[in-house]
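**Student:** Got a predicted model here, sequence first, then my questions.
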Amino acid sequence: MEEAGEAAAAWIGTIGQNPRKGFTHGRQDVADELGDVAFTALVAAASLGYDPLTVLGRVADKVRPRLNSPSPTTVTATRPPTATALQSGGTARDRGEPVD
């Protein structure tokens, strides 16, 4: 949640919404903070036992129809298979399933 708060603060500073502080940030600051939010979210998903790339793919599939684009952009994320996945045909983590 801290990272999301920092992104919000950067946005507020970019548009000068706080009259006491004025304009304190730029668009690059907002982009950097949003990158922190995205990275932190992926780390959190991994710590819960989910494959971050699978999670991203599911979200992209859910959001794609909302883009209102005649030709939606395909988002493909790949990673090399692990040795365990190659030997056993894949693990729950490789399939994006929670690992207990």
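**Tutor:** Happy to help now that I have it.
**Student:** what's the longest helix along the chain packed up against?
**Tutor:** Once the chain is assigned using DSSP state H, the helix that runs over the most residues is helix 27-47. For helix 27-47, the elements it packs on are helix 2-15, helix 52-63, judged by 3 or more CB pairs under 8 Å, 6 or more residues apart in numbering; DSSP states H and E. (C-beta placed from N, C-alpha, C; glycine too.)
**Student:** What angle do helix 2-15 and it make with each other?
**Tutor:** Counting by axes from the mean of the first three to the mean of the last three CA atoms, to 10 degrees, helix 27-47 points 170 degrees away from the direction of helix 2-15.
**Student:** quick one: contacts for residue 16?
**Tutor:** Neighbour list for residue 16: 22-23 [criterion: CB atoms under 8 Å, 6 or more residues apart in numbering].
**Student:** how close does it sit to residue 24?
**Tutor:** 8 Å (CB to CB, to the nearest Å).
**Student:** Pipe the helices and strands packed on helix 27-47 into TSV and attach mean neighbour count and distance to residue 38 per row.
**Tutor:** Conversion of the helices and strands packed on helix 27-47 to TSV gives the following (neighbours: other CB atoms under 10 Å; distance: least, CB to CB, whole Å):
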stretch	mean neighbour count	distance to residue 38
helix 2-15	15	9
helix 52-63	14	9
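**Student:** Residue 35: which of these is closest?
**Tutor:** Of all the helices and strands packed on helix 27-47, it is helix 2-15 that lies closest to residue 35, at 9.1 Å by CB to CB.
**Student:** which strands and helices sit next to the closest one?
**Tutor:** In terms of contacts (3+ CB pairs under 8 Å, 6+ apart), helix 2-15 is packed against helix 27-47.
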